[in-house]
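> here is a sequence together with a model predicted from it:
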Amino acid sequence: MWTPERHDKIISLLNERQRLTTDAFAIELGVSKETVRRDLIELEAHGKLSRVHGGAIPCAQNSESLAEASYQDRLRLHQPEKRAMARAAASLIRPGSTCFIDAGSTTHALALSLFHSGRDLRVITNSIEIARTLSACSEIQTHLLGGELQAEVPATSGEFTVSEIARFYADFALISPTALNPESGAQDYAWHEAHVARAMLSRARTCIMLADANKLGIDSRMQICPSTAIDVLVTDERADPAMLERLRNAGVKQTICAPA
């Protein structure tokens, strides 16, 4: 049974029985308890369930953390704002630059903007969609990072991805977080996505965060970096000026509001 099939079965069993032990999952799925534990960790990271001692229960509805919508849903949300942010971020990238770009719906919009710019660039990404988009542009040298392929988002992650990032130095890291709070900094919902983003930032001279107005002032689960590590925040014109001022006071060096 493939990983996505197991995940679907786990959610189906939880919806039916409300609580199962790790042993019960292993028997139902015909896999080892170690495999079940890895599946439960990944599903919890994506907000699909809550782990408890010895097993799991359906995801709590009153979670304090921001549960992220599916990747396909995110692609459809706030498209004009994402295109505006993408144009603004792309304008900051000088020809000849090397860029890390992480996986996300906003950074995919950025990739489309870079593609149409026809700029001479080197892009290193863990996103399959971004790599596919940019590989069609002869002016952009594209490197897709290896690693474990995720079911929810078409991207690679894991220790192999992080170790491969360490082989490069980049002028820019362009990251799209789940949330950005002045006190808590940039955050992600999934630990493996946050791990990749942190690795990219550690090997880049300039950090550019792309976060639409809906992501500002809220918290998610895993910190990517503190506000002081953000060189440029690119957001959209709906952003609250008071929130932007709080972010600058917290250490964000520059904020750009892109008009749609």
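The structure has been received and is ready for your questions.
> in the protein, what helix or strand scores lowest on average pLDDT?
helix 71-76 (a mean of 65; mean pLDDT, DSSP states H and E).
> alpha carbons of the helix or strand just after that helix, as PDB, please.
Counting by DSSP states H and E, the element after helix 71-76 in chain order, helix or strand, is helix 79-90. C-alpha atoms of helix 79-90 as PDB (Å, rounded to 0.1, in the frame of the first residue of the first chain):
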ATOM      1  CA  GLN A  79      -4.600  35.000  -7.100                       C
ATOM      2  CA  PRO A  80      -4.400  38.800  -8.000                       C
ATOM      3  CA  GLU A  81      -2.500  39.500  -4.700                       C
ATOM      4  CA  LYS A  82      -0.100  36.700  -5.400                       C
ATOM      5  CA  ARG A  83       0.600  37.800  -8.900                       C
ATOM      6  CA  ALA A  84       1.200  41.400  -7.600                       C
ATOM      7  CA  MET A  85       3.600  40.100  -4.900                       C
ATOM      8  CA  ALA A  86       5.400  37.900  -7.400                       C
ATOM      9  CA  ARG A  87       6.000  40.900  -9.700                       C
ATOM     10  CA  ALA A  88       7.300  43.000  -6.800                       C
ATOM     11  CA  ALA A  89       9.600  40.200  -5.500                       C
ATOM     12  CA  ALA A  90      10.900  39.400  -9.000                       C
END
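> report the buried residues of helix 79-90.
Neighbour counts over helix 79-90 (16 or more other Cβ atoms under 10 Å) mark 81, 82, 83, 84, 85, 86, 87, 88, 89, 90 as buried. Using the backbone N, CA and C atoms, a C-beta is placed for each residue, glycine as well.
> could you list the domains of the protein?
3-58, 71-258 (automatic domain parsing).
> which stretches of the stretch 101-250 of the chain form helices?
For the stretch 101-250 of the chain, the helices defined by DSSP state H, counting those that start in this stretch occupy 105-117, 128-135, 159-165, 191-202, 241-250.
> got JSON lines for these, with mean neighbour count too?
Shown next, in JSON lines, are those (neighbours: other Cβ atoms under 10 Å):
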{"stretch": "helix 105-117", "mean neighbour count": "22"}
{"stretch": "helix 128-135", "mean neighbour count": "20"}
{"stretch": "helix 159-165", "mean neighbour count": "17"}
{"stretch": "helix 191-202", "mean neighbour count": "23"}
{"stretch": "helix 241-250", "mean neighbour count": "15"}
